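>>> Build the 3D model from these lines:
(chains A, B, C and D)
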There are 4 protein chains.
Amino acid sequence: MTYSVAVSGASGYAGGEILRLLADHPEFEVRTVTAHQNAGQPLVQVQPHLRSYTHLTLQETSAATLSGHDLVFLALPHGASGAVAAELADDALVIDCGADHRLESAADWTAFYGGDFHGAWTYGVPELPRLSGTQRDRLAKTRRIAAPGCNASTVALSLAPGIRAGVVEPTDLVSVLAVGPSGAGKSAKTHLLASEILGSANPYAVGGTHRHIPEIQQALRWAGAAAPTISFTPVIVPMSRGILATSTARIVPGTSAAAVRAAWEDAYAGERFVQLLPEGQFPRTADVLGANTALMGVAVDEAAGRVVVVTAVDNLVKGTAGAAIQSANLALGLAESTGLPVNGVAP
Amino acid sequence: MTYSVAVSGASGYAGGEILRLLADHPEFEVRTVTAHQNAGQPLVQVQPHLRSYTHLTLQETSAATLSGHDLVFLALPHGASGAVAAELADDALVIDCGADHRLESAADWTAFYGGDFHGAWTYGVPELPRLSGTQRDRLAKTRRIAAPGCNASTVALSLAPGIRAGVVEPTDLVSVLAVGPSGAGKSAKTHLLASEILGSANPYAVGGTHRHIPEIQQALRWAGAAAPTISFTPVIVPMSRGILATSTARIVPGTSAAAVRAAWEDAYAGERFVQLLPEGQFPRTADVLGANTALMGVAVDEAAGRVVVVTAVDNLVKGTAGAAIQSANLALGLAESTGLPVNGVAP
Amino acid sequence: MTYSVAVSGASGYAGGEILRLLADHPEFEVRTVTAHQNAGQPLVQVQPHLRSYTHLTLQETSAATLSGHDLVFLALPHGASGAVAAELADDALVIDCGADHRLESAADWTAFYGGDFHGAWTYGVPELPRLSGTQRDRLAKTRRIAAPGCNASTVALSLAPGIRAGVVEPTDLVSVLAVGPSGAGKSAKTHLLASEILGSANPYAVGGTHRHIPEIQQALRWAGAAAPTISFTPVIVPMSRGILATSTARIVPGTSAAAVRAAWEDAYAGERFVQLLPEGQFPRTADVLGANTALMGVAVDEAAGRVVVVTAVDNLVKGTAGAAIQSANLALGLAESTGLPVNGVAP
Amino acid sequence: MTYSVAVSGASGYAGGEILRLLADHPEFEVRTVTAHQNAGQPLVQVQPHLRSYTHLTLQETSAATLSGHDLVFLALPHGASGAVAAELADDALVIDCGADHRLESAADWTAFYGGDFHGAWTYGVPELPRLSGTQRDRLAKTRRIAAPGCNASTVALSLAPGIRAGVVEPTDLVSVLAVGPSGAGKSAKTHLLASEILGSANPYAVGGTHRHIPEIQQALRWAGAAAPTISFTPVIVPMSRGILATSTARIVPGTSAAAVRAAWEDAYAGERFVQLLPEGQFPRTADVLGANTALMGVAVDEAAGRVVVVTAVDNLVKGTAGAAIQSANLALGLAESTGLPVNGVAP
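Numbering: from 1, shown residues only, chains lettered A, B, ... in the order given. Next comes the predicted model:
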């Protein structure tokens, strides 16, 4: 069966990446692409790398243009998808790549985003360990999926195994991320200019203000942490894509290094898209560029009393568009990995 | 008075940077440059950016070529400077940019480096807060200076103020650094190839193995920590120079945000080369490129119970060559900032 | 039918890219991977981005390990493939990604490479315009393919249409290329270190010495130029992959701008992997990253009397590994585009 | 004597670079800095790398704020400096870093820029060879200087020696430039975003439309070319600063390679800031980063019948701010190199 697909926000980075991945998906067929400023232009003029879509023209983003498809991907600025989604048919599979439907707590939404709260949809990170099972179990047959925040899911995948297994303390977590600027989207802002970012490492949202913090805490609560606390600092570095998250947690006293490592091995054994590297090896973002793969290395630093988890993700794939498609596959009962690359483009 | 200067390791990155800075130093005159593989070549052939040195030819590195100068800068691989230094005159000012004379503890040396232990020289980070005063006090009139490890001094400067003031706990420190590859030197290694590093973030020495860890702990003990512990992870990112260190420490319960911030303000008030940015501002490495300046931003994350200190340094200047010259100025009784730039080259 | 495949030089950049692309090829199955220094190691340890190949271990490169496969890809340093190839069965399809079998002229080989001359194989650039037809016609049923030099094929594709159509003069051609360092391979050389290339544009082989010059001239002779001359200058820029070739030729006096443009439109109408952009548009290398696509823009500069052709190619895909697989598809009678991506990975 | 200085456009890249260089100038004292959007803010908040200027606040750009200084640097968008300049005192030294006063031909101005034509000021490239002498001769005692276009002056310096000496033909010139995005200024445009430029080479103004073309032709006419024609293509590459210009010209038949090279040697012998490298050596942009130096390599390609000139320049220094200050030194009778660095910041 072929499912018809509409992609909104198709002129942006997340929308473009959904389209790039869907070009190789055997069951999905993109029929409609929509945008705001660029409506009326050929898609390939705005996204010249998408050579297989020369037949499509960008339409206006509206409930009318998006209706009538089996799947609708929303890649809109936060605050914009709630209203559109409300007008789509209940039996359409809607995947929101924005933030509007990620948080279960209205208080968190108000504190970190503000504006109308639309409630949470099923969170689209299948491998995420939960106290019982994984997030995958909740995705079957859902018709509303919230694709994750790229930084949030990377950190949640990094730390949830140890928390669920009780080998690390759920408070006093620290995570510092080297991230590419594409995570900030395609909007023309001075601090995102190439001249500002080339040759420089640029921190932002320092000191507990980043909007992905409540999303991380929510995921860690699902893994069993009552009241997780985390110091979270992203640093923009000069690579267009990629997240390298270095996350650390205090090891519960008396836990052996082997037991610590086993928590991660157990969590991701058999996973295709979240892979733990052998002891002593750590990932680079180049290894997952363009792929739906999270590569992870775990080290036990006995002198510091901390486990260090380094995770590499392509923010636009496993962090956004790939997670969206993987979750959609699950919701529709398709093989989870359909259409999704596991190999990175390196060097 | 003009002091005569010899620079060994002049074909490498640290040696080249010493020469670049000395070109603008009114009191120092470079008479001799030495190298190993490149001996016999014009300096400018190996370091084509150093146009003001077209008159100098690289000589062999030996006690003979280095002797007879008022100042000798050693920019050699670790393990190589001990023997050479032993043959230099006691009244020559010798500044070692390698690791051989940084650590006071023979046990630390053996555990992290190995080989002969040569004992510690005066550590070359003038602004470093110590329980009483600063490291500056110890540099006057010394004739043997150990220039710091670039990562180590950046982290030590970041955390020592809070430790000395008693506002943060000296254990359970976490520091993650985005660093440029020039810190690894000019040796031809596959993992340092441009193809491997462009577009990628690459962690190394994960899990407590980096050689700068004991050097950080030593500096923090000078600031009052009895037994500091730190989780330390460097990540190579695609910029030739620069360190952006994100360091966090648990705030001592009951300490106000103002008291936390005051610790850093007190430590660096009046310093020319270590500057604290106004609240809410954080530095980028581009802001200190080519400069002897450490720029620092401090945030109190009350939800996480941690202070976050972000410090930007040019690893080759404030991290190495600039620290060496600044310390040499102090040892000779010159104005501390002589010949040292405070403005970065941006964008 | 499934064809069995061996890839030699699997630890390098070209070999790695062949493997990345073959992972998505429905008719080819990689059974053997070989290397020199890394023989004995799991492939994925040397190429950590190739997660779908965790079952393969690198073997020694030899006629014995490579024999017995339907296809053999040779990704070896130049000079190394001649001897190995001689021992492979006549009915195996052998694709040499090195330079050994590209040149028809022994004199050119001796002047630019030196060492034993092994004679030319069928040149693997299907779309290349020839006086009659294209290079595609010669690839059917061949059992020996010479994959092109990445710079050479980019320039040849850029200029051959105008030469074949007689609208530009075949002498006094000028081509300047911005290239990524991966074209220089994975060998540890000081001038290829990240510190040397980040933030810098580095010319090499200036003044007519680059080895791809005779290969370009050969291709232009096939298009009808009696004695083409070209000034060719490559410049390494800080991107891991990609070639952006700016090539110019004098327009034959009296030729209209429309006639000039028509030469390129005619040459590549209907081609999937060589696409001409609409007038006034020019490609970026990001648009073809990871793709087997050459994107081309053509401008007529009437004031200068020259046509300017800007072509973007991924040196490892359309420039090497993709061209090799595309040519192999043709030789075996498969659909030419089997297993080859047309969309780039951007941003 | 200390000259008082005002810098307008101080929040931009050119203005910032003027300030960075003036911080080391012993005769100039910056008293006033002005901006448009950022007026009212401390300079160091907008230009955080300029740590020596913490005492200055940005004022509104107007004739009133700029008047009363010995020197006024205008770093404004083109079209904006004409009106302001008209209100400044005749005996103030005014240096325009914009395009408004570079072109002598009103027709060229109208064709490439449009808007009011303000007439040419003395062109600020001292070393530029002219049929008789150099441009330096015209700069003494002038009170109105037009700092050059960065691309234009780089190409003019590259080709003028051969044209003046009559060893190359002044038509059919070809120049392709790898340039950093800072030349395009600090304005927030989508195509200048880091995500668009990282990992990519991006051509622009292809086919004879770039505004620096008439400026190059004007300079080459000064060197003796009656009607120079040039194909000129700039390519933005991922480095914040720098221009690497590869320029080629047909050698006049019968000219020896030695005679060709001698033209460049004669032109720049004894110049501090335009240096010819020894035969066989070519510059990289890193070698001149932050320096007022143009490094040049010249090769004779006998097979192609062309000379190839590769020139590296920092677009913000020798291309703009350094040229402006060097010219101002000359106009005031100061030593030409006062306050200007000759060494690059590398790696």
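
>>> tell me the pLDDT at residue A:82?
Here the pLDDT value assigned to residue A:82 is 85.

>>> Can you report how many residues lie near the residue of the stretch 101-250 of chain A found nearest chain B?
Nearest residue of the stretch 101-250 of chain A to chain B: residue A:207, at 2.8 Å (CB to the nearest CB). Bear in mind the C-beta positions are built from the backbone N, C-alpha and C, glycine included. Around residue A:207 there are 25 other residues, counting by other CB atoms under 10 Å in any protein chain shown.

>>> which ones are touching it?
B:299-301, B:308 (CB atoms under 8 Å, 6 or more residues apart in numbering or on different chains).

>>> JSON lines for these, including secondary structure and distance to residue B:128?
Shown next, in JSON lines, are those (DSSP: H, G, I helix; E, B strand; the rest coil; distance: CB to CB, whole Å):
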{"residue": "B:299", "secondary structure": "strand", "distance to residue B:128": "22"}
{"residue": "B:300", "secondary structure": "strand", "distance to residue B:128": "23"}
{"residue": "B:301", "secondary structure": "strand", "distance to residue B:128": "25"}
{"residue": "B:308", "secondary structure": "strand", "distance to residue B:128": "20"}
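
>>> farthest pair in those?
Across the contacts of residue A:207, no pair lies farther apart than B:300 and B:308, at 7.9 Å, counting by CB to CB.

>>> Pick out whichever of these two has more residues nearby.
Using other CB under 10 Å as the criterion, residue B:300 and residue B:308 rank with residue B:308 on top: 26 against 21.

>>> For the more buried one, which non-adjacent residue is closest in space?
Distances taken as CB to CB, 6 or more residues apart in numbering or on different chains place residue B:299 nearest to residue B:308, at 4.7 Å, with adjacent residues excluded.

>>> Return the residues in contact with the one you found.
Applying CB under 8 Å, 6+ apart, we find residue B:299 in contact with A:206-208, B:280, B:282, B:307-308, B:310.

>>> what pLDDT does the closest residue to the residue of the stretch 101-250 of chain A closest to chain B other than its chain neighbours get?
Distances taken as CB to CB, 6+ apart place residue B:299 nearest to residue A:207, at 2.8 Å, with adjacent residues excluded. Per-residue pLDDT puts residue B:299 at 98.

>>> hmm, stretch A:333-347 in reach of chain D?
No - contact of stretch A:333-347 with chain D (CB under 8 Å from any CB of the partner chain) is absent, the minimum separation being 10.6 Å.

>>> roughly how far out does that stretch sit from the chain middle?
Averaging C-alpha positions (CA atoms, centre = their mean, to the nearest Å) puts stretch A:333-347 15 Å from its chain's average.

>>> first to last residue in that stretch, what's the distance?
Chord length of stretch A:333-347, first to last residue, is 35 Å (CA to CA, to the nearest Å).

>>> now that stretch: mean pLDDT?
On average, stretch A:333-347 scores 98.

>>> Next, the buried residues of that stretch.
Using 16 or more other CB atoms under 10 Å in any protein chain shown as the burial criterion, the residues of stretch A:333-347 that qualify are A:334, A:336, A:338-347.

>>> The residue of the stretch 101-250 of chain A closest to chain B sits in which helix or strand?
Per DSSP states H and E, residue A:207 falls between elements, in no helix or strand.

>>> any idea how far it lies from residue A:52?
44 Å (CB to CB, to the nearest Å).

>>> Quick one: the helices in the stretch 201-347 of chain A, in order.
Secondary structure of the stretch 201-347 of chain A by DSSP state H, counting those that start in this stretch: the helices cover A:213-222, A:257-268, A:322-331.

>>> Which of the ones you listed sits closest to chain D?
Taking CB to the nearest CB, helix A:322-331 is the member of the helices of the stretch 201-347 of chain A nearest to chain D, at 17.9 Å.
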